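In: Predicted coordinates and the sequence they were generated for:
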Amino acid sequence: ITLINDIQKDPHFGRKNEGIRGHIDEYNKNGIFFSENTTVAHTFYVSTAGAEAKRFETKVFPIKGDVYNDSLEYYMMKNISDSDLKYIKDSWKRENEKNIAKLQTHEKLIEEILEKEWSYFSKLNNIGGRADCQDNREDFIIMRKSQWETFNEETLLSYLEDLNSKNNPLFQKYGQMMKYNSPEEYEKIKDILESPGQNKISLIGKIMSIYMKWEEEFFKKYPIFSSMGRPLYSTEDDNIETSIETYLRGELLSYSEKTLELYLKYIIEMKEKNINLAIKNMDNLACMQGFKNSDEVEEYYKNLQKN
């Protein structure tokens, strides 16, 4: 269950009413089908003669999901035995523990990828000398982690294999990008870059056709937030700015065909579920920078512009 409507955004609710959140956490954690208390003392602040004062009232908070007053009511309505109820709770608890373990595995996998990527990235030979970003580990981790958290475990495992190969995928990535943002320099290194086969080019084309539509949707929905990052199309590339389209193509060219096949399968699944991974990526980035999601970033800077 989750709190819905305006309650989620109530700045005072979380300050004094941890009790109801405790019930909800217990419900979600252990699969318990009841909440002992959905009516709580609501604390809010009012202005009295220029000063703030607290006021309390009893308020029923709307909850989404099946909620019972207590376990007895659940037992009576479901007409199941105590032993069956215990079995359900225990099995859901085990499932919850399994899900937590899976999340931890996912996190460890991302951490391993980030460490290897940073090692490669920080040692790249940059045109014109070492770039400032090669000494900024914190920003690198934030940007890459926000992306990897949108990937499924199967694709991450395959990409980790790519990182463990003899080639440096990040060298391939930035080298391939130079074809668009630094064409003269690209000519000097193109012979040592991988020459992708037709199958790889086809896989990349299919992924990009979906992902670029997601990016276009992000730009349309969040004009302020999107304006803070890279331009969208390769036609906007120069020796200072690299577009999302060029960056994405370079990124995908650094993946093995196995990784691309797994990623394409995952991308198609997400598309069918109407999940926009480009927005999900930016939501992750927003969270890592102290915001709730992309909506909150857009609203914050919109209000800032008004002032």
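Out: Sure thing, it's come through.
In: distance of T242 from D191?
Out: 22 Å (CB to CB, to the nearest Å). For every residue, glycine as well, the C-beta is placed using N, CA and C.
In: which one of those two has more residues nearby?
Out: T242 (21 against 7; other CB atoms under 10 Å).
In: Which neighbouring elements make contact with the helix or strand harbouring E97?
Out: If you go by DSSP states H and E, E97 is part of helix 82-122. Helix 82-122 is packed against helix 18-30, helix 71-78, helix 137-148, helix 153-163, helix 169-181, with contacts defined by 3 or more CB pairs under 8 Å, 6 or more residues apart in numbering; DSSP states H and E.
In: now the angle from it to helix 137-148?
Out: Calculated by axes from the mean of the first three to the mean of the last three CA atoms, to 10 degrees, helix 82-122 forms an angle of 130 degrees with helix 137-148.
In: Start the count at 30 instead of 1 going forward.
Out: Done: numbering now begins at 30, and the last item shifts to helix 111-151.
In: Would you mind checking the average pLDDT for helix 111-151?
Out: Summarised as a single mean, pLDDT over helix 111-151 is 78.
In: swap in stretch 324-336?
Out: pLDDT averaged over stretch 324-336 gives 88.
In: Would you mark the buried spots in that stretch?
Out: Neighbour-count burial for stretch 324-336, counted by 16 or more other CB atoms under 10 Å, picks out 326-327, 329-330.
In: Quick one: low-confidence residue ranges for the stretch 80-229 of the chain.
Out: 80-111, 113-114, 117-118, 121, 125, 128-132, 156-159, 195 (pLDDT under 70).
In: Please report how far the nearest residue to F200 once chain neighbours are set aside lies from G279.
Out: Counting by CB to CB, 6 or more residues apart in numbering, F200 lies nearest to L153, which is 6.3 Å off, once chain neighbours are set aside. L153 sits at a distance of 13 Å from G279 (criterion: CB to CB).
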